[in-house]
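Q: after the sequence you'll find the predicted model.
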Amino acid sequence: EDQVTQSPEALRLQEGESSSLNCSYTVSGLRGLFWYRQDPGKGPEFLFTLYSAGEEKEKERLKATLTKKESFLHITAPKPEDSATYLCAVQAGSNTGKLIFGQGTTLQVKP
Amino acid sequence: NAGVTQTPKFQVLKTGQSMTLQCAQDMNHNSMYWYRQDPGMGLRLIYYSASEGTTDKGEVPNGYNVSRLNKREFSLRLESAAPSQTSVYFCASRGGSGGSQETQYFGPGTRLLVL
């Protein structure tokens, strides 16, 4: 069964304290792994897509990496405005675009 | 370019009432999706439409129906609402297959409370 697990569920950081969020997945035939950011009361906002092991993508203080079993979202020197829930999703197998989401990691960055 | 829009933003229903959630996208995307988001459960796919004229069940389709009205619009209907359908509903769209077209873009959500 295809499955996505994110850890930790919640993470509290001080401003400037770098850390990583984990997304572990088991899927038959990965077509893509997606990271989204979700602010309270809003819809998920797209951040990155990773397609193959070894791939890396960066955007401002965020860097996403991918291995054959997991993805990491590294946050370097976070700011309070980085506080949000970060969602990981995988697309497997067929070309229907069906995504399987993890439960998310809620990040709080204190000034 | 509004992206994906959803109406209404918030709705309260009584058990047994029916309603339709509306979704529209202006990105000329082929595929559209309905998800629900519940605390501790993550986003779960209800129904999707891979292309205009087709619809298929997702992970949690029971109690829902959908209509792909045209390329732009994809509606979700609750025929007889139940308290278990209290949730936040998100619509998403995707251009197609291959590269950046695979990315799904989400609407702002509809918050539904069933009493």
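A: Everything's here; your move.

Q: so what's residue 102 up against?
A: This is for chain A. Neighbour list for residue A:102: A:4-6, A:23, A:87-89, B:42 [criterion: CB atoms under 8 Å, 6 or more residues apart in numbering or on different chains]. Backbone N, C-alpha and C define where each C-beta goes, glycine included.

Q: other chain: chain B
A: Neighbour list for residue B:102: A:31-32, A:49, A:91, A:97, B:94-96 [criterion: CB under 8 Å, 6+ apart].

Q: circling back: redo the contacts of residue A:102 as JSON lines? Include neighbour count.
A: Shown next, in JSON lines, are these (neighbours: other CB atoms under 10 Å in any protein chain shown):
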{"residue": "A:4", "neighbour count": "23"}
{"residue": "A:5", "neighbour count": "13"}
{"residue": "A:6", "neighbour count": "24"}
{"residue": "A:23", "neighbour count": "28"}
{"residue": "A:87", "neighbour count": "25"}
{"residue": "A:88", "neighbour count": "31"}
{"residue": "A:89", "neighbour count": "23"}
{"residue": "B:42", "neighbour count": "19"}
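
Q: now the strands for the chain?
A: As the question left the chain open, I've gone with chain A. A:3-7, A:10-14, A:19-26, A:30-38, A:45-50, A:56-59, A:62-66, A:70-75, A:84-92, A:99-101, A:105-110 (DSSP state E).

Q: wait, chain B
A: Using DSSP E, the strands of chain B run over residues B:4-7, B:10-13, B:19-25, B:31-38, B:42-49, B:56-57, B:64-68, B:74-78, B:87-94, B:104-106, B:110-114.

Q: identify whichever of the ones you listed lies nearest to residue A:67.
A: Taking CB to CB, strand B:42-49 is the member of those nearest to residue A:67, at 21.5 Å.

Q: what are the pairing partners of that closest one, and which direction each?
A: According to DSSP bridges, strand B:42-49 forms sheet pairs with strand B:31-38 (antiparallel), strand B:56-57 (antiparallel).

Q: coming back round to it: of all the strands of chain B, which lies closest to residue A:14?
A: When the strands of chain B are compared (using CB to CB), the closest one is strand B:42-49, at 27.7 Å.

Q: quick one: contacts of that closest one?
A: With CB under 8 Å, 6+ apart as the criterion, strand B:42-49 contacts A:4, A:44, A:87, A:89, A:96-99, A:101-104, B:31-38, B:55-61, B:64-66, B:68, B:74, B:76, B:89-90.

Q: give me the buried entries from the residues you listed.
A: For these, a burial check counting by 16 or more other CB atoms under 10 Å in any protein chain shown picks out A:4, A:44, A:87, A:89, A:96-99, A:101-104, B:31-37, B:55, B:58, B:60-61, B:64, B:66, B:68, B:74, B:76, B:89-90.
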